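# Sequence plus the predicted model coming up.
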Amino acid sequence: MFSRLVATLCTALVLAAPPAWAEVGRDAAAAAAQRATGGRVLSVERAGAAWRVKVVTAGGEVRVVMINAATGRPM
């Protein structure tokens, strides 16, 4: 009985965990770039293993921030 409970719990944990290959989506990349710059997002495009996010800062400067698609962190 105990081993069946342990097996069931382990199975539930494996199924509940996100897959190792899960990538950051467009919205999460835009949010990460906005947090990093404090600016307003103008566009988001996929660029290989990264997201290319164009933002305009409060000072009017247009910047391009590359966001790692695997980690969601600025590169």
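Sure, I can see it. Keep in mind that what you see is a predicted model, and the values were worked out from it rather than measured.
# beta partners of R52?
E45, M66 (DSSP bridges).
# To clarify, my last question referred to V56.
R40, V62.
# show me what contacts it?
G39, R40, L42, V62, R63 (Cβ atoms under 8 Å, 6 or more residues apart in numbering). To be clear about C-beta, it is placed using only N, CA and C from the backbone, and glycine gets the same treatment.
# Would you mind measuring from it to V44?
To V44, V56 is 13 Å away according to Cβ to Cβ, to the nearest Å.
# returning to what we had before: of the contacts of V56, closest to E23?
Nearest to E23 among the contacts of V56: L42, at 21.9 Å, using Cβ to Cβ.
# excluding its backbone neighbours, what's nearest that closest one?
Among residues not flanking L42 along the chain, K54 sits closest, at 4.4 Å (Cβ to Cβ, 6 or more residues apart in numbering).
# For the one you found, which three-state class applies?
Three-state call for K54 (DSSP: H, G, I helix; E, B strand; the rest coil): strand.
# burial measure for it, as a count.
17 (other Cβ atoms under 10 Å).
# And for the one 4 residues further on?
For A58, the neighbour count with other Cβ under 10 Å is 9.
# Having no further points to raise, I will conclude here.
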